[in-house]
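# okay, sequence plus prediction incoming.
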Amino acid sequence: VKQRFTHGAMKTGELALIERIRRRVKTSGVKEPELRLGIGDDCAILQPPAGHEVLVTTDFSLEARHFRRDRHPARSVGHRVLARGLSDLAAMGAEPLAAFLSLALPKDVAGDAVWVDGFLDGLLELAEACGVPLAGGDTSESPGDAVLADITLLGSAPIGTSLRRAGARAGDLLYCTGALGGAGAELESLMQKPAQFAEATVQEKHPHLFPQPRLGVGWLLRELGLASACIDMSDGLSTDLAHVCAASEVAAEVEWGKLPVSPLLRRSSPAARERAVLHGGEDYELLFTASADRRVPRRLAGVSLNCIGKIVVKKRGQPKVMLVDADGKRRPLEPAGWEHLR
Ligand SMILES: [Mg+2]
């Protein structure tokens, strides 16, 4: 991994930004024995634990597509950039090794110390909470007026043990962590009016602004050998469950009455509630399957687990996912993860 944040032939604004990042990382205090060399050389050096393999994921966060500067506090933008990558590691049961951030800022944003510090606060607080060091990256002036952030996450897991989308079998039960639809609900109110966001608010109450990657759950599911398949719900239940079904070559039935609906949807209309729970996305909860003869606890790593349906045999010409309503009526659940900032 090309590792920068070092002094090349750069403009003063960029230098100041890099200095700011380096200073903040130095004091953020995440020390990983696996990270032999972090920011400061041409490359970072990582030594994964013996018997482990390395997992890699990258995620773009683009202004106007994934966030809006007039709606999302800078701290939330930084948090979400890292959370998306960590959630992918959680989905496969990996332990984070290091994060690499490539950041392009428009000139006025790079010079806005309040925004930059807020962004770094959000990113580094989550990094510290999850024990992942920011080990390098790159900065550049954005050619347009949009903030562009690309995060690369490296994680590790014992060879051959990572959770996969493939592996679900007919007869397995279907589970999800936490509650669904909260991120969609919060995004909708955010679009109506910007967040009145107090710095000290409880993050669990902000599933969109501050989603919590389920690293502990993913790690335990892998350690206990509990999950036959797993994915993180970034695009919404309907879309991500379809991914599991496709990879595992099975079909699924979801029971509406069993879905853990976020308390943030209490006052929403039934249609809005259904849309957010089934298609909302960005909740970053885990969706996993487990053999019916395995006892799955109600909570894991402090997070609630709910059985929401089952895996069935895939039949030719039949929809991959069926939704069973409270009155037993069945209808196809088509993947419909929505475009978030339309
Ligand atoms: Mg994912």
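Structure's in. What do you need?

# near the ion, which residues of the stretch 201-342 of the chain show up?
Asp232, Ser234 (CB under 5 Å from the ion). Any C-beta I mention is one placed from the backbone N, CA and C, and that applies to glycine too.

# go with 8 Å
Ile231, Asp232, Ser234, Asp240 (CB under 8 Å from the ion).

# same thing with the stretch 51-200 of the chain?
Thr57, Ser87, Asp88, Ala91.

# where does the prediction get shaky in the stretch 51-200 of the chain?
194-200 (pLDDT under 70).

# ranges for the helices of it?
74-91, 107-110, 113-130, 182-192 (DSSP state H, counting those that start in this stretch).

# and the shortest one, which residues are buried?
What that stands for is helix 107-110. By neighbour count, with 16 or more other CB atoms under 10 Å as the criterion, the buried positions of helix 107-110 are Val109, Ala110.

# export the helices of the stretch 51-200 of the chain to a markdown table and append columns for distance to Lys310.
Formatted as a markdown table, these follow (distance: least, CB to CB, whole Å):
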| stretch | distance to Lys310 |
| --- | --- |
| helix 74-91 | 20 |
| helix 107-110 | 48 |
| helix 113-130 | 32 |
| helix 182-192 | 24 |
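
# just to revisit the earlier point, can you tell me which of the residues of the stretch 201-342 of the chain next to the ion is nearest His52?
For those, the minimum distance to His52 (CB to CB) is 20.5 Å, reached by Asp232.

# closest point of the stretch 151-300 of the chain to the ion, which residue?
The stretch 151-300 of the chain approaches the ion most closely through Asp232 (4.4 Å), counting by CB to the ion.

# where's that residue relative to Val244, distance?
Note on Asp232: its distance to Val244, by CB to CB, to the nearest Å, is 11 Å.

# hmm, back to that, pick out the lowest-pLDDT one from the residues of the stretch 201-342 of the chain next to the ion.
pLDDT across those is lowest for Ser234, at 93.

# my read is that it contacts Gly280, right?
No - judged on CB atoms under 8 Å, Ser234 makes no contact with Gly280 at a distance of 10.7 Å.

# neighbour count winner among those two?
More crowded of Ser234 and Gly280, by other CB atoms under 10 Å: Gly280, with 32 against 21.

# right, and the more buried one touches Gly236 too?
Yes - Gly280 is in contact with Gly236 according to CB under 8 Å; the separation is 5.4 Å.

# next, count neighbours for Ile159.
Ile159: 9 neighbours (other CB under 10 Å).

# quick revisit: tell me the most packed of the residues of the stretch 51-200 of the chain next to the ion, by neighbour count.
Ala91 (31 neighbours).

# tell me who's in contact with that one.
Leu163, Gly218, Cys230, Ile231, Asp232, Leu286 (CB atoms under 8 Å, 6 or more residues apart in numbering).

# and for Ser262?
So Ser262 contacts Ala179, Leu180, Gly181, Gly182, Ala185, Pro207, Ala276, Val277, Asp283 (CB under 8 Å, 6+ apart).
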